[in-house]
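# quick one, structure for this:
(2 chains)
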Amino acid sequence: MLRKDGLEKVAGTAKYIDDLTFPNLLHARTIRSTIPVGEITGIAFNFDTEGFTVVDHRDVPGRNIVALIDDDQPCLVERTVRHVAEPILILAHSDRRRLAAADVRIDYRPAVPNYDPAASSVSFKSVAIDKGDLDAGFSAADAIVEGEYRVGSQEQLYIEPNGMVAVPADDGRGITVYGSMQCPYYVHRALTVLLGFPSERVRIVQTETGGAFGGKEEYPSIIAGHAALAALKARRPVKLVYDRVEDMIATTKRHPGLIRHRTGIRRDGRLTAMDVDVLLDGGAYATLSAVVLSRGVLHASGPYRCDNIRIRGRVMMTNTPPNGAFRGFGAPQTQFAIEVHMDRIAAALNLDPVRLRDRNALRPGDTTATGQRMGADCSAREVLREAVKRTGFAKRRKALAGTNKGIGLSLFFHGSGFTGAGETKLASKASLALTKRGARILVANTEMGQGTRTMLAQIVADTLGVAYDDVEVNAADTGEVPNSGPTVASRTCMIVGRLLERCALEMRDRLAGLSPRAYLRRHGPLVVTKQYEKPPEMDWDESTYRGDAYGSFGWACDVIEVEVDRDTWAVRPIKLTTVHEVGKAIHPTLVAGQIEGGTAQGLGWALLEDVIMRDGRMVNHTMTTYIVPTTLDTPDMDIVVMERPYKHGPFGAKGVGEMPIDGPAPAVVNALRHAGFDLREIPATPEKLMSCSSR
Amino acid sequence: MQFTLNGKRVRVDAHPMARLLDVLRESCGLTGTKEGCGEGECGACTVLIDRAPVNACLVPFAQVAKAHVTTIEGLRGRHPLQRAFAELGGAQCGICTPGMILAAVALGPRPSTSAIKTGLAGNICRCTGYSAIYRSVQRAGAHARVRR
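Numbering: from 1, shown residues only, chains lettered A, B, ... in the order given. This next block holds a predicted model:
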């Protein structure tokens, strides 16, 4: 099945935001803070401002906030600066050279920054999960193993930097914004609040998006706001496209974290008590931190059964640029910790790491930390056993012992869709319109490479009984499509795909055997809309964090072999095998693409990607100094897809987009442990290996 | 200044020190060549100059005087690599794809796996983990063989 956007992309004719031009276009530039915290005392323009449009916070006609969860972040700084690269002014001009040369001097009264989340007094969110009796669990234990695990930040590094074009309405009381984004309706809401316009006067259109990985979930609302303010003031279209350096310095990244474990265990390997503490660095504003923390703690005890669990999590404010959404969304951080911890438990008790996991892995009928009972599609043991068998894990482990190579594994899971009552609150709607040959899909979910258009069209084609080529996908344009929710949280296939499956089922019934053409001739236009309905058995209590945190989980196991260079201490991943249980692979090529791509990104986080902050500013803010995996850094991958259908997913499908990034980092660190390195943090750079070397 | 662009002799007026990338995108209107980093690291702006792959963001326009420049538009959507990338998942978000395909063109018709890995090491893809790109290049090579 050829992907819907395939031919345009390979021909170079697909249009990304920077490929578009508009008559009478101005270019814009953002003037940003150069200190991490303080007050602005003066702004001076050291250039001739004639011909420039200059925008500051006083030009905001509505509320000067980036509307998302908390209303703490200004779209443009008024007086108080909380982080480096915070937007203060927008300049626009038709000539890019003059724009770049414009020199603005900003004076500050600096204050004392805090970069340590543990020392912060401002919490964006804290979560407590309790199950069973922790003290009783520890009393029943034969041994207690403790550990502290650190994960670094990570830049999404989509290859297309962020960008927007805003086009004002002729009367100045409306705006259309085109751009690279994941969530058109997030931008839509943010602009209605910022501009004070009624919702029908704000139109957001996604352009072809060159990668996102969470990095285009919330930040585009800021860029769209800036472009819109400039466009409304200038009464001309304004293009605001970041270069790589600005994108790296200013936009959101993965939350760094510190996770502590204290675990009670019996001699036979059974877990009796799990005490987990999660601390995330939120950066200067709340953005999505509360939800990242939520997903993080909900995955913090791993895919394991244990009767007595206590999880505490908090995400704190610091004076770095805000951290935000990145594929995995808290779960990679916490599952790194539990999976490295499991290997340390195995070592401490002289247990086999596979048997330890197998003994404790969740199985159907078991409950998670929140008391969610596992259904028939709980596949933790199946993916583990398949991965171990396929790689001859025990044999390889013996064979590599004492060499400069190691083999390690990780067992992990990932909840599909919004956490808890999130999907109910979102109440997403999807529509399907009958066309002469088939149908047109109307959803706000975006194609950013993962294959949204293709996969949704397949679901509709197969359900409706028309050819795939006869299913069209409307642009993600808020002027034309209903709010089917954001394209995040591994929800598009399972949640929106299911909505469209329901639309197509009703449409098929309404057609009653007529061809689309015949139906339209006889009855006129037909549009079917469906809204999300919570599966009746799903029950979640947000106040106690008890119940069904997710509709379903995907399950996976990674096995990796690594080699350590004895001279340079560089780690080379040699071969990776992963088994992923995803419910149903609607489009196997796309599913493999998600697994391979997410795995490579996870390996980058594990080994190469080091966000170096100095004085609140990312110092390695170029692609020369922030290293992501190339062909030569990426191992051969053996991908196995297992299918155990989820009854509320389209054709049984669960989510797959994020899960692959949860597993590689702990598998790598466990392989390094096997090679003799007691490492408890990533990235596993040569410097860290050298300092923890036990040889 | 005169040069050959996608097989056609053209005359373009631009500053000799302008980046070839900007000349192609702005003066020639060929937006298939993408900018990812502007410093020769990501390879998204890869074009062929006299059949050799180069980063167009690092090349001053003066350098292509009388040369043959091939951009993704020059393949006219008909190169076996293009079909293979579309079919086998070599293209996901598509932003690295034009540069990646041109770098693959420079490898010749039937490159070995290690030649593919080395030859594409200057082109960063953040979506695929590269496996699907290898499969695409190998499939295109197989087609090239059949066509002979």
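# how does the chain divide into domains?
No chain was given, so I picked chain A. What the record gives for chain A is the domain set A:25-112+A:157-250, A:124-154+A:253-419+A:547-692, A:428-531, from automatic domain parsing.
# that's the other chain; I wanted chain B
According to automatic domain parsing, the ranges for chain B are B:2-74, B:77-147.
# what's the closest of the ones you listed to A:Gly402?
domain B:77-147 (29.0 Å; C-beta to C-beta). C-beta: built from backbone N, CA, C; applies to glycine.
# out of the domains of chain B, the one nearest A:Tyr468 is which?
domain B:77-147 (13.7 Å).
# average pLDDT for the closest one?
For domain B:77-147, the mean per-residue pLDDT is 94.
# ranking the domains of chain B by burial, who's on top?
Per-stretch averages of neighbours, counted by mean count of other C-beta atoms under 10 Å in any protein chain shown, single out domain B:77-147 among the domains of chain B, with a mean of 23.
# that one and chain A, are they touching?
Yes. Shown here: domain B:77-147 in contact with chain A (C-beta under 8 Å from any C-beta of the partner chain) through B:77, B:81-83, B:85-89, B:91-98, B:101, B:116-118, B:120-133.
# measure stretch A:53-70 end to end?
For stretch A:53-70, the first and last residues are 30 Å from each other (C-alpha to C-alpha, to the nearest Å).
# for it, buried residues please.
Of all the residues in stretch A:53-70, those buried under the rule 16 or more other C-beta atoms under 10 Å in any protein chain shown are A:53-57, A:59-60, A:64-68, A:70.
# now do the contacts for residue 25.
Picked chain A for this. A:Leu25 makes contact with A:Ser94, A:Val165, A:Arg236, A:Pro237, A:Val238, A:Lys239, according to C-beta atoms under 8 Å, 6 or more residues apart in numbering or on different chains.
# not what I meant, chain B
So B:Arg25 contacts A:Asp19, B:Thr31, B:Thr33, B:Glu35 (C-beta under 8 Å, 6+ apart).
# again, but for A:Ala348
Contacts of A:Ala348 by C-beta under 8 Å, 6+ apart are A:Ala143, A:Val145.
# go again with 10 Å.
A:Ala143, A:Ile144, A:Val145, A:Glu146, A:Gly147, A:Thr263, A:Ile265 (C-beta atoms under 10 Å, 6 or more residues apart in numbering or on different chains).
# give me the buried subset of those.
A:Val145, A:Gly147, A:Thr263, A:Ile265.
# looking at it, the first one is touching A:Arg260, isn't it?
No. The pair formed by A:Val145 and A:Arg260 falls short of the contact definition of C-beta atoms under 10 Å, at 11.7 Å.
# can you check which residues contact both of these two?
A:His341.
# check contacts around the closest residue to chain B within the stretch 351-500 of chain A.
Of all residues in the stretch 351-500 of chain A, A:Gly449 sits closest to chain B, at 3.0 Å by C-beta to the nearest C-beta. When contacts are counted by C-beta under 10 Å, 6+ apart, A:Gly449 touches A:3, A:5, A:9, A:158-160, A:208-213, A:590, A:593-594, A:597, B:91-97, B:125-128.
# measure it to B:Val137 for me?
For A:Gly449, the distance to B:Val137 equals 19 Å [C-beta to C-beta, to the nearest Å].
# B:Pro98 - that's part of a helix, no?
Yes. Applying DSSP: H, G, I helix; E, B strand; the rest coil, one finds B:Pro98 inside a helix.
# now do the contacts for it.
Applying C-beta under 10 Å, 6+ apart, the residues near B:Pro98 are A:9-14, B:30-34, B:44-47, B:71-73, B:75, B:82, B:85, B:91.
# find the helix or strand that the most centrally placed residue in chain B is a member of.
Relative to the mean C-alpha position of chain B, the nearest C-alpha, by C-alpha atoms, centre = their mean, is the one of B:Leu102, at 2.7 Å. In the assignment (DSSP states H and E), B:Leu102 maps to helix B:97-105.
# distance of A:Leu25 from chain B?
12 Å (C-beta to the nearest C-beta, to the nearest Å).
# SS state for the closest residue to chain A within chain B?
Proximity of chain B to chain A (C-beta to the nearest C-beta) peaks at B:Gly32, 2.4 Å away. Applying three-state DSSP to B:Gly32 yields a three-state assignment of coil.
# so it makes contact with B:Leu21?
No. B:Gly32 is beyond contact range of B:Leu21, at 11.4 Å (criterion: C-beta under 10 Å).
# how about the helices in the stretch 51-200 of chain A?
A:96-101, A:134-139, A:184-195 (DSSP state H, counting those that start in this stretch).
# show me the contacts of B:Pro98 that map onto helices.
Judged by DSSP state H, the subset of those located in helices is A:Lys9, A:Val10, A:Ala11, B:Gln82, B:Phe85.
# does the fourth one touch B:Gly32 like I think?
Going back to what we said before, that points to B:Gln82. No. In this structure, B:Gln82 is not within contact of B:Gly32 by C-beta under 10 Å, at 11.2 Å.
# can you check which residues contact both of those two?
Listed contacts common to B:Gln82 and B:Gly32 are A:Lys9, A:Val10, A:Ala11, A:Gly12, B:Ile72, B:Leu75, B:Thr97, B:Pro98, B:Ile101; contacts here mean C-beta under 10 Å, 6+ apart.
# what's the neighbour count on the third one?
Going back to what we said before, that points to A:Ala11. 22 (other C-beta atoms under 10 Å in any protein chain shown).
# could you check how far it is from A:Gly593?
Distance from A:Ala11 to A:Gly593, by C-beta to C-beta: 19 Å.
# what of A:Thr34?
40 Å.
# how close does A:Ala11 get to A:Glu217?
Taken as C-beta to C-beta, the span from A:Ala11 to A:Glu217 is 29 Å.
# just A:Arg295 next, same as before
In terms of C-beta to C-beta, A:Arg295 sits 13 Å off from A:Glu217.
# what residues are shared contacts of those two?
Counting by C-beta under 10 Å, 6+ apart, the residues touching both A:Arg295 and A:Glu217 are A:Leu288, A:Phe329, A:Ala489.
# now the domains of chain A in TSV, with mean pLDDT?
Shown next, in TSV, are the domains of chain A (pLDDT from 0 to 100):
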stretch	mean pLDDT
domain A:25-112+A:157-250	98
domain A:124-154+A:253-419+A:547-692	98
domain A:428-531	98
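# which of the shared contacts of A:Arg295 and A:Glu217 sits closest to A:Arg312?
For those, the closest approach to A:Arg312 (C-beta to C-beta) belongs to A:Phe329, at 18.9 Å.
# correct me, but that closest one touches A:Ala489?
Yes. Here A:Phe329 reaches A:Ala489: they are 6.9 Å apart, a contact under C-beta under 10 Å.
# identify the contacts common to those two.
Common neighbours of A:Phe329 and A:Ala489 (C-beta under 10 Å, 6+ apart) are A:Gly214, A:Glu217, A:Val291, A:Arg295, A:His414, A:Gly415, A:Thr419, A:Glu658.
# contacts only, for the second one.
In other words, A:Glu217. Neighbours of A:Glu217 in contact, by C-beta under 10 Å, 6+ apart: A:68, A:156, A:181-183, A:186, A:252, A:287-288, A:324-326, A:329, A:486-489.
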